[in-house]
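1. Sharing a model prediction with you, sequence too.
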Amino acid sequence: MRKNLIVATLIAAGILLWLLSGLFGSNDGDRAANPPPLAEAQPRETSREPVAVRARESRAEPRQRTLALRGRTDNKRTVEVRAEITGMVIERPVERGSRVEAGDLLCRVAVDDREVAVAEAEAALKRARIEYEGALKLREMGLQSATAIAQAEAGLAAARATLKREQLNLERTALRAPFAGVVEAVALEIGDYATPGTTCATLLDLDPMLVTARVSAGDAARLEVGAPVRAVTATGRELTATLSFIGNQSDTATRTYALEATLPNPDYLLRSGVPATLEIPTGEVQAHRVSPALFTLDDAGRLGLRTLDRDNRVVFQPIDIIEDGAEGTWVTGLPSVTRIITVGQEFVFDGQRVRVEQDEPMALSARSAR
């Protein structure tokens, strides 16, 4: 028994010594298995040979800042011309797509006995006028009371009102266009029976045309009614408009304000509901034209360019894009004169000293085209 205890004690002591040996051993094996990060093994600032880059000097130019909004075209008015009296439709000279002028006939309801009613009202008015004039002569002779005079005057007024009512009913047999426009839809055919409120035709006012959009509160504060606006439709048509309305009540869901631009459309070629982009000038700024291929992001996710200071150290400059075109992108946020890295910007970091090879003046444009 004592012998077994001694053997067990010796085995335990050996295992303990083997475990403790790892705590006091060299760390070289661990470093070989887990090498330090590259940044620790080779500090950035101790690089012997500076990275070679190419740079281009850029000078700011005055540029008009524009606000781009997505919207759509919208006709100014849409009206459903409705019947005001009952009767059978006997004429409808327009079809869908017809262009009409103000006052043109859209539908005509049968006259029936309305002309007879007008003639009867005219005769009643003539009689009432004679009775009133006779009452006035009798008053001059002292043979007519004031009550009779008032009664004759009231009869004359009633006859005039009846005639006017019958004339209006006769005029209402013709449903006419309230303004110039295009017939979008027709609802009555010849032989249909119209009642008060029945739609004859739907009329669109396409001249002038509106381009509607939504704008944020910050942008709305920088805009003024009457400013020129450039509109580009989804079909590629470029139009010149005038800012005609900026809303004063924000939408409860989007917190944006309604905006309208008005443009002439005398030929009616521009249709309602076409997607369009509004470009509204908001002021002049100093901007640089650069290739979008040079854009990069910093650690915070900001869009910018890598530039060089006087000591040829890399400086990240955040930018704002104000205009994008085929010849390049106009940006703000850079000094008026700055050197932009055009080749090698992907391999350098902020604060690094580099070796500069100056770019040719047209090199950036040539690479952008490629």
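-> All right, it came through fine. Computed from a predicted model, the values in this text were never measured in an experiment. Residues are numbered from 1 along each chain as shown.

2. Buried residues of the lengthiest strand in the chain, list them for me.
-> As far as residue count goes, and with DSSP state E defining each element, the longest strand of the chain is strand 61-82. For strand 61-82, burial by neighbour count (16 or more other Cβ atoms under 10 Å) applies to R63, R65, T66, L67, L69, G71, R72, T73, N75, K76, V81, R82. All C-beta spots, glycine's among them, are computed from the backbone N, C-alpha and C.

3. domain parsing for this protein?
-> The chain resolves into domains spanning 47-63+285-369, 68-75+206-284, 80-201 when parsed by automatic domain parsing.

4. could you dump these to JSON lines with distance to L19 and mean pLDDT?
-> Shown next, in JSON lines, are the domains of the chain (distance: least, Cβ to Cβ, whole Å; pLDDT from 0 to 100):
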{"stretch": "domain 47-63+285-369", "distance to L19": "43", "mean pLDDT": "83"}
{"stretch": "domain 68-75+206-284", "distance to L19": "67", "mean pLDDT": "92"}
{"stretch": "domain 80-201", "distance to L19": "91", "mean pLDDT": "92"}
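
5. what's the distance between I319 and A241?
-> Here I319 is placed at a distance of 30 Å from A241 (Cβ to Cβ, to the nearest Å).

6. Looking at those two, which one has more neighbours?
-> Higher neighbour count among I319 and A241: A241, with 22 against 19, using other Cβ atoms under 10 Å.

7. pretty sure that one is touching N265, no?
-> No - under the criterion of Cβ atoms under 8 Å, A241 makes no contact with N265, lying 10.3 Å away.

8. Give me the spatial nearest neighbour of A261, chain neighbours excluded.
-> Spatial nearest neighbour of A261, chain neighbours left out: A241 (4.0 Å); criterion: Cβ to Cβ, 6 or more residues apart in numbering.

9. In its sheet, which strands sit next to whichever strand or helix holds that neighbour, and in what direction?
-> With elements delineated by DSSP states H and E, A241 resides in strand 238-246, which encompasses its position. Listed by DSSP bridges, the sheet partners of strand 238-246 and their directions read strand 228-233 (antiparallel), strand 257-263 (antiparallel).

10. now the domains of the chain as CSV including distance to T9?
-> Formatted as CSV, the entries for the domains of the chain read as follows, by distance: least, Cβ to Cβ, whole Å:
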stretch, distance to T9
domain 47-63+285-369, 59
domain 68-75+206-284, 80
domain 80-201, 105
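
11. just so I know, which of the ones you listed lies nearest L5?
-> Closest approach to L5 among the domains of the chain is made by domain 47-63+285-369 (64.1 Å; Cβ to Cβ).

12. what's the offset of that closest one from the middle of its chain?
-> Centroid displacement of domain 47-63+285-369 relative to its chain, using Cα atoms, centre = their mean, to the nearest Å, is 33 Å.

13. same deal with stretch 262-269?
-> Between the mean C-alpha point of stretch 262-269 and the mean C-alpha point of its chain there is a distance of 19 Å (Cα atoms, centre = their mean).

14. can you check stretch 60-67 too?
-> Relative to its chain's centre, stretch 60-67 lies at 21 Å (Cα atoms, centre = their mean).

15. Show me what that stretch is in contact with.
-> Where contact means Cβ atoms under 8 Å, 6 or more residues apart in numbering, the residues beyond stretch 60-67 that reach it are 215, 219, 222-223, 230, 278-289, 322-323, 330, 332, 334-337.

16. Mind checking which of those residues are buried?
-> With burial judged by 16+ other Cβ under 10 Å, the buried subset of the contacts of stretch 60-67 is 215, 219, 223, 230, 278-280, 287-289, 322-323, 330, 334.

17. can you list the residues you listed in TSV and add distance to G181 and secondary structure?
-> Compiled in TSV, the buried ones among the contacts of stretch 60-67 are given as follows (distance: Cβ to Cβ, whole Å; DSSP: H, G, I helix; E, B strand; the rest coil):
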residue	distance to G181	secondary structure
V215	28	strand
D219	33	helix
L223	29	coil
R230	26	strand
L278	24	strand
E279	28	strand
I280	28	strand
A287	44	strand
H288	48	strand
R289	45	strand
I322	39	strand
E323	37	strand
W330	41	strand
L334	51	coil
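
18. Nearest to L20 among the domains of the chain would be which one?
-> Closest of the domains of the chain to L20 is domain 47-63+285-369, at 42.5 Å (criterion: Cβ to Cβ).

19. Contact partners for the closest residue to F349 other than its chain neighbours?
-> Nearest residue to F349, sequence neighbours excluded (Cβ to Cβ, 6+ apart): V314, at 6.4 Å. Applying Cβ under 8 Å, 6+ apart, we find V314 in contact with R306, T307, L308, I341, V348, F349, D350, G351, Q352, R353, V354.

20. All set now, cheers.
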